[in-house]
Structure formats: structure tokens, C-alpha cells
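**Q** Sequence and predicted structure, then a few things I'm wondering about:
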Amino acid sequence: MSAITRDEVAHLARLSRLALADEELDHFAAQLDVIIGAVARVAEVAADDIPPSSHALPLTNVYRPDEVRPGLTPEQALSGAPAVEDDRFRVPRILGEEA
Amino acid sequence: MSLVHKTAADLGALIAAGEVSAVEVAQAHLDRIAAVDPQVNAFLHVDAETTLKQARAVDARRAAGEELGPLAGVPIAHKDVFTTVDMPTTAGSKILEGYRPPYDATVTRRLREAGLVILGKTNLDEFAMGSSTENSAYGPTRNPWDLSRIPGGSSGGSSAAVAAYEAPLSTGTDTGGSIRQPAAVTGIVGMKPTYGGSSRYGLIAFASSLDTPGPFARNVLDTALLHEAFSGHDVMDATSVDAPVPSVVAAARNGDVAGLRIGVVKEFGGDGYQAGVLARFHETVELLESLGAKVFEVSCPSFTTALPAYYLIAPSECSSNLARFDAMRYGLRVGDDGTRSAEEVMALTRAQGFGPEVKRRIILGTYALSSGYYDAYYGQAQKVRTLIARDFEAAFQQVDVLISPTTPTTAFPIGERADDPMAMYLADLCTIPANLAGNAAISVPCGLADEDGLPVGLQIMAPVLGDDRCYRVGAAVEKALQARWGGSLLSRAPEL
């Protein structure tokens, strides 16, 4: 039995905003099946009573002094933008036609 | 000896004494890059004028009587994953082709403050995901020992630049072994500092709980000098450790292992390890004993599940981090013809801008974080992460450092594992535990494998904030082995 199907990979690609071609989907589905089969080994570790670690070092509530400092100018912030209009990022429509 | 063959420490001293200028040293390295980089492809960006401008500024600061650090005027190759205002920053990806960041990374800023002269930006696996630099969108880097082989990765441009004498120093980042593995397979020194010991501000993120900037050099002392130059607390990185930088330079000058307790990790060796790698490793263990160290075998049973845990945790973090490449604020935008929605443009841009390994990891991470799979995959991997940290804690009750081969094999041929992700992932088998637990770890050369004549690395792992121990043991091994070899390992590499 495969660990992941082509349809699941297609669904994950949609969630990830990756417009994959059919050949890519076929290729990745086969490779991801092997990878997931291998990484699933973590399930064999008896760890029911083990707390999870999200980080290596236990740092909490890290703040820096609340000091005013110069930020980026609009020109700097927009310098890498694919499209700019009136000192703003110009983007494709984000709502449907009806909206 | 030509300028490009000198150590960083010697170059710094010569420049400080006024025997040579920073401009002359920079020019010598630019000439070397022009001569050999067409073969090696270590650099993605070199701009002689920007480099010489920095060198002239250091010479001017010196002439004005300014007190400068030990590496002032020394050239460095900078991994193209750190932002730089005066050079493009691509992370090896088409999605950032030509991108000019509006600010410098903290590591970049500290290099500049220390007077280091940035020669250019080095090649890497796209977004630092890989072990060979074959995942770069700009073509693979080649190993100076054998141009048909990989220089390791993801920091393969940085390892190759130093091994090819294009730079005496370079920066890297280590998420699962991306400094230590390239150092091992190119016969140089590479250090992963304690997580949080060096700042991630301005480092293009791959897996934020693991990413660690670190130094490369051709010897242990130079590595320590660079480590000290850019490490330390940074208020701009909330995961930065607010503690003094361990005294790594003093440790690199010391190199005494008499009485030190050294643990050999039992789980790293045997099947899947190249005979020549194990032979050099075992010789180095005997060497350490002859230098007065007490060697024990130490078992870290959870290390055997470090690789699967890493390949759930790192892709999970990457799938989240790389969501920022949305074609809206910077980088590539594809298909914005007025008819498509933002979401369609995003999906087309990401499909065209990311390479196969990045896509695989984004999908894998999205899968591991999906409801229904989260507990079984990401949650369980985080528990394994705790067990690995506990194995380290228990081991460091018994010994001062742990050692293993850095990699199971020497440099493999370009193309051999390119379409076999699991085979590629095995290159990080021994290096991953230190990332998951945040420990300090270094790779130093320990000889050439008999069967292929390629470099083998020794990994030395120390507790969190015990970075100095890596340098102490590394310096001892380096000194004893170079006495045996009659010079550096790298001096046995073929001429380019």
C-alpha cells in the first residue's frame, strides 16, 4: 500500500500554492511515497510520555528594548517589488469577479 | 608562498604590520577566482569594484590609526543566503534572481565591522536545502579535489571557495549538516556553533529552529577567529543566546586533550559507512588516545531516528517559512496578465520559481502539518527531538565531547544521487543530531580514504555553549595529523 497517493499530492500542492504540471505530480508522488515510508519510522519510537521540543534551547518571552529606530523608507521597502503603484505594492485582484 | 595560500591569521598580521595592503590581498584573491572559478563555480556573484572599495576602506581606516580586529583586510566568501545591500542575494533560487535586499544581515554587518572584505556570494543548494549544491538553480559547484564530484551542501560554494584557495575564509549555514558535511568532503574545517550563538537576522530562513550560521576555513585557528568575529548576542534575533561567546580562539590555540574524556558514538559506524572513512576515523581515535585523551564508547540510541525526525521537522518549518515567497512584495512574478487572480499568480510563480527539492519539501512539510497527520508525524518528530537532547545530556555526564565520522562516505559523483532524495538525505546521517539538540559541532580533516583518495572528516560534538571544546579537540587533532602528514591535508589536493 502506498503511503501517499497522487491525488493527495495534488491536494497538498494546491494548499501550498504550487501549480504543478502532471509529470511533476507523477514524479513527486512516487518520490514522496518513498520518503514518507522512511520518515514514518518515527512512529516506532515509544514516546507517549515524552514532551515535544519545538526548539533546542528553552528561551521564553524574549523582548528587546522598545526604542524608536529608523525603519525602511518606502523606496527601500518597494525596491524589490514586481509591480509598484503610488508608493504601494501593486497586486493582482484578490477577490472574485462578483465581489 | 603566494598570498592566496596564506592563512587568514597570517594575512591579518601582514596587513596590520603594513607589509601588504588589504587591496593587494583582495586583488590576489580576485585573480585566483578569475583563474579557477570557471572550473569550480563556487561563486554566484563577484564584483571586483565592490570588493576593492571595501579593501580600500580598510586600508584607510588603518591609515587613520583606527584600532582594527585580527581579520581586518582579510577576504571572505559569503554564502548567498545572507542579505547584503551591495550585492544580489538569491538563496540559489530563481524566485530571487537579481534580488537586492534593502538591509544587511547581522552576520554581514559584523563582517564589515571587523574589516573583512567580502569577495562575493557563494553558491548553495536552493534555500540551503540539499547536501551537494546540485539543487542550486545556477548549476552545481564542483569539488576542487575532483571536479566530477560534489563539494557537499548546502554550503558547497563556501567549502569549495576555501578549498580552492579562492578565499581563506567563508560563511555557511548549518541546518542539518550544511557546514560540517561540505567541510568534510573538501578537506577543510567547518563549525556549527551552538544554536542561537550566531544571529539569524537577515539569514533567509529554511528551518528556523535549526538554522545556524557558522564559519569555514582551512585550519582550526582561522575558523575560530571568524567564529568570534561574527557571533554573539543580537537583539534582532529573538532566539539569539544572551551569553558571552565561548572562548573559541583561546581553545584553538590551546589544543591540549590530555585527560579529556572523549565518547565515540556507538550508533555511527558499520553498515552504510565507507571502509576508508571508518579506517581514518578509527586511526584518529587511536591518535587521540596517544595524546592522552580517555576514550569511551557511548551509546545514544535515539540518534538512529534523528534522520527521519529531521526530515519531518525541517520540511514542516520550510513549508511555513517559504510561504513568504508569494510574488507580491519581492522576487519573481509570473502570469500577471490582468486576467489571473493573486492566488493563480502565486501558484504559477512558485511552480516556476522553486526547484524540485524545494517543492518536495514544501509538500512534505504541508503533509506532516496536516490535521490528521500532525500528531503522527510532526508531533512525534518533536518528541524524538526531546529524546535526542536527552541522549546528549546523558552522554555529556560521562564524557566532555562526542566524536564520529562527519559523513558516512566521501564526496560522491555529481548526478549520482540527484534524483534519489533518500540517498541524498543519508549524507546528513551523523550531523543531524547536533542540529536537533542545538549543540556545537565541528568537522576537521582526518585523512584521505584509501579507495578514492578523497578527504574524510572527523566530527566533534560538544554541549550547548561548549563550542570551545570543539576547537580544543580539533586543534589537537590538526596539530598531530599535520605533523604526521608533513603539512595540511589540502596541500595534497591536485593543482587546479
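**A** All right, it came through fine.
**Q** Going by C-alpha atoms from here, please, whenever you check contacts or count neighbours.
**A** Fine.
**Q** what's the most centrally placed residue in chain A in contact with, if anything?
**A** For chain A, the residue nearest the mean C-alpha position is residue A:16 (6.6 Å; C-alpha atoms, centre = their mean). Contacts for residue A:16 (C-alpha atoms under 8 Å, 6 or more residues apart in numbering or on different chains) come out as B:319, B:323, B:347, B:362, B:363, B:366.
**Q** Helices of chain A, residue ranges please.
**A** Secondary structure of chain A (DSSP state H): helices at A:6-15, A:22-39, A:74-78.
**Q** same check, this time on the stretch 301-450 of chain B
**A** Assigned helices in the stretch 301-450 of chain B, in chain order: B:306-321, B:342-353, B:356-368, B:380-398, B:421-425, B:432-437 (criterion: DSSP state H, counting those that start in this stretch).
**Q** Of those, flag the one that's most buried.
**A** Most buried of these by mean neighbour count (mean count of other C-alpha atoms under 10 Å in any protein chain shown) is helix B:432-437; its value is a mean of 28.
**Q** name the helices or strands packed onto it?
**A** Applying 3 or more C-alpha pairs under 8 Å, 6 or more residues apart in numbering or on different chains; DSSP states H and E, we find helix B:432-437 packed against helix B:306-321, helix B:380-398.
**Q** OK, contacts around the residue nearest to residue B:412 when sequence neighbours are not counted?
**A** Leaving aside its chain neighbours, residue B:412 sits nearest to residue B:149 (5.6 Å; criterion: C-alpha to C-alpha, 6 or more residues apart in numbering or on different chains). Contacts here follow C-alpha under 8 Å, 6+ apart; on that basis residue B:149 touches B:142, B:143, B:411, B:412, B:413, B:414.
**Q** do residue B:130 as well
**A** If you count contacts by C-alpha under 8 Å, 6+ apart, then residue B:130 has B:153, B:154, B:178, B:357, B:424, B:425 around it.
**Q** Let's verify the first one: helix, strand, or coil?
**A** Reduced to three states with DSSP: H, G, I helix; E, B strand; the rest coil, the structure at residue B:153 is coil.
**Q** Quick check: which element contains the nearest residue to it once chain neighbours are set aside?
**A** In this structure, residue B:153 finds its nearest non-sequential neighbour in residue B:131, 3.8 Å apart by C-alpha to C-alpha, 6+ apart. According to DSSP states H and E, residue B:131 maps onto no helix or strand at all.
**Q** Quick one: neighbours of residue B:131, just the number.
**A** A count of nearby residues for residue B:131, using other C-alpha atoms under 10 Å in any protein chain shown, gives 29.
**Q** just checking, it touches residue B:141?
**A** No. With contact defined as C-alpha atoms under 8 Å, residue B:131 does not reach residue B:141; the gap is 11.5 Å.
**Q** Show me the common contact partners of those two, please.
**A** Common neighbours of residue B:131 and residue B:141 (C-alpha under 8 Å, 6+ apart) are residue B:156.
**Q** count of neighbours near residue B:259?
**A** Neighbours of residue B:259 (other C-alpha under 10 Å): 12.
**Q** and the two most separated of the contacts of residue A:16?
**A** With C-alpha to C-alpha as the measure, no two of the contacts of residue A:16 lie farther apart than B:347 and B:366, at 15.0 Å.
**Q** ok, the helix or strand containing residue B:475 near chain A or not?
**A** Assigned by DSSP H and E, residue B:475 belongs to helix B:467-485. No. Helix B:467-485 does not reach chain A (C-alpha under 8 Å from any C-alpha of the partner chain); its nearest approach is 15.0 Å.
**Q** so how far is that helix off the chain centroid?
**A** The chain centroid and the centroid of helix B:467-485 are separated by 19 Å under C-alpha atoms, centre = their mean, to the nearest Å.
**Q** Identify the residues contacting it?
**A** Contact with helix B:467-485 is made by B:193-194, B:219-221, B:224, B:246-249, B:251-257, B:284, B:287-288, B:400-401, B:440-446, B:460-462, B:488-489, as judged by C-alpha under 8 Å, 6+ apart.
**Q** For the helices of the stretch 301-450 of chain B, which has the smallest mean pLDDT value?
**A** Among those, helix B:421-425 carries the lowest mean pLDDT, at a mean of 93.
**Q** That one vs chain A: in contact?
**A** Yes. Using C-alpha under 8 Å from any C-alpha, helix B:421-425 comes into contact with chain A via B:421, B:422.
**Q** How about residues contacting that helix?
**A** By C-alpha under 8 Å, 6+ apart, the surrounding residues in contact with helix B:421-425 are A:31, A:34, A:35, B:130, B:131, B:307, B:417, B:418.
**Q** make it 6 Å
**A** residue B:417 (C-alpha atoms under 6 Å, 6 or more residues apart in numbering or on different chains).
**Q** My guess is residue B:118 contacts residue B:74. True?
**A** No. Using C-alpha atoms under 6 Å, residue B:118 is not in contact with residue B:74, being 8.7 Å away.
**Q** These two: who's more crowded?
**A** Set residue B:118 next to residue B:74 and count neighbours by other C-alpha under 10 Å: residue B:74 wins out with 31 against 28.
**Q** Next, the contact list for the nearest residue to the more buried one once chain neighbours are set aside, please.
**A** Residue nearest to residue B:74 in three dimensions, not counting chain neighbours: residue B:116, with 5.2 Å by C-alpha to C-alpha, 6+ apart. Contacts here follow C-alpha under 6 Å, 6+ apart; on that basis residue B:116 touches B:72, B:73, B:74, B:75.
**Q** Repeat that for residue B:358.
**A** So residue B:358 contacts nothing (C-alpha under 6 Å, 6+ apart).
**Q** who in the stretch 301-450 of chain B is up against chain A?
**A** The stretch 301-450 of chain B comes close to chain A at residues B:308, B:329-330, B:341-342, B:347-348, B:350-351, B:363, B:382-383, B:386, B:437-438, as judged by C-alpha under 6 Å from any C-alpha of the partner chain.
**Q** Ok, the stretch 101-250 of chain B next?
**A** So the stretch 101-250 of chain B meets chain A at B:102, B:209, B:235, B:238 (C-alpha under 6 Å from any C-alpha).
**Q** got CSV for the contacts of residue B:149, with pLDDT too?
**A** CSV is the format used below for the contacts of residue B:149 (pLDDT from 0 to 100):
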residue, pLDDT
B:142, 98
B:143, 98
B:411, 98
B:412, 98
B:413, 98
B:414, 98
